[in-house]
Structure formats: structure tokens, C-alpha cells
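**Q** One predicted model, sequence on top.
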Amino acid sequence: MKVRVRGLLRSRSPVHHRGMARISFTPQLQRFTSTPEVDCEAATLRGALEAAFAVNPRLRGYVLDDQGHLRANVVAFVDGVRCEERIRLDASLRPDSRVYVLQALSGG
């Protein structure tokens, strides 16, 4: 699978490579680890996540639990639609899909 990484720390490129889905992480996760913006040829949400984890393996523990399921405090959106399936993470991606992974904020 082809993967292109954008800005491991701060720089974000607005360039989106044609034919590659892009996965981005919201800034909340940057408090804990680098959150790469990755262009990849993944066909599913899980494939896109694995591409990002290949760039920064520490990110996996913040996004997935010990069973490999999306953590309760993490939400993923594919092309603006919330992914309700949190175990298989098999939401389909198109070559031009945009994936956003958010960590919920808590507190009061």
C-alpha cells in the first residue's frame, strides 16, 4: 500500500494526493503523541488507521483498545459521516475520502 505522510509535528500540507484517502487526527491527540496526516490507498477505515500507526506506533494505544476496537472516547468520521461500527472498522473508503479521528474531551 502506498502511504504519504504530512507533518508529523506541526506542518500540515493542504495538498491532497489524488487517488489516496487522507486520515487526519484532531489536535487533542497531539498532547500525547505525534499525529501524522497520512495519505494512503486504504480501502477501509481500519486500513487507514493501520497506515497512520505504521508511521507512529504509539498512536495505536490512544485510538484503539487492547482488543483493537475504537476506544470509547474516540470517534471517527469518513467523508463527514460518523462511523458507528467500532469493532471491525470496516467503513469503506473511496480514493478521495477524508477520514477524521477525534478524541472526546471530558471534564467540567
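**A** Good, I have the coordinates.

**Q** First residue to last residue on stretch 24-37, what's the distance there?
**A** Start-to-end span of stretch 24-37 (CA to CA, to the nearest Å) is 5 Å.

**Q** What mean pLDDT does that stretch get?
**A** Averaged over stretch 24-37, pLDDT sits at 88.

**Q** again, but for stretch 51-67
**A** For stretch 51-67, the mean pLDDT works out to 96.

**Q** Between the two ends of that stretch, how far is it?
**A** Start-to-end span of stretch 51-67 (CA to CA) is 18 Å.

**Q** got it, and stretch 84-101?
**A** Here the two ends of stretch 84-101 are set 13 Å apart, with distance taken as CA to CA.

**Q** and the next element down the chain from the longest helix anywhere in the chain?
**A** If you go by DSSP state H, the chain has its longest helix at helix 45-55. As assigned by DSSP states H and E, the chain's next helix or strand after helix 45-55 is helix 59-63.

**Q** Now do the buried residues in that next one.
**A** 59-60, 62-63 (16 or more other CB atoms under 10 Å). (Glycine included, C-beta is placed from N, CA and C.)

**Q** Which two among the residues you listed are spaced furthest apart?
**A** The distance between the two most remote of those (CB to CB) is 7.4 Å, for 60 and 62.

**Q** Just give me the neighbour total for the closest residue to residue 56 other than its chain neighbours.
**A** Once flanking residues are discounted, residue 56 sits nearest to residue 34: 5.1 Å by CB to CB, 6 or more residues apart in numbering. If you count neighbours by other CB atoms under 10 Å, residue 34 ends up with 15.

**Q** Pull up the gap between residue 34 and residue 55, please.
**A** Distance, residue 34 to residue 55, using CB to CB, to the nearest Å: 8 Å.

**Q** Check residue 93 too.
**A** Distance, residue 93 to residue 55, using CB to CB: 17 Å.

**Q** These two - which one has more neighbours?
**A** More crowded of residue 93 and residue 55, by other CB under 10 Å: residue 93, with 23 against 16.
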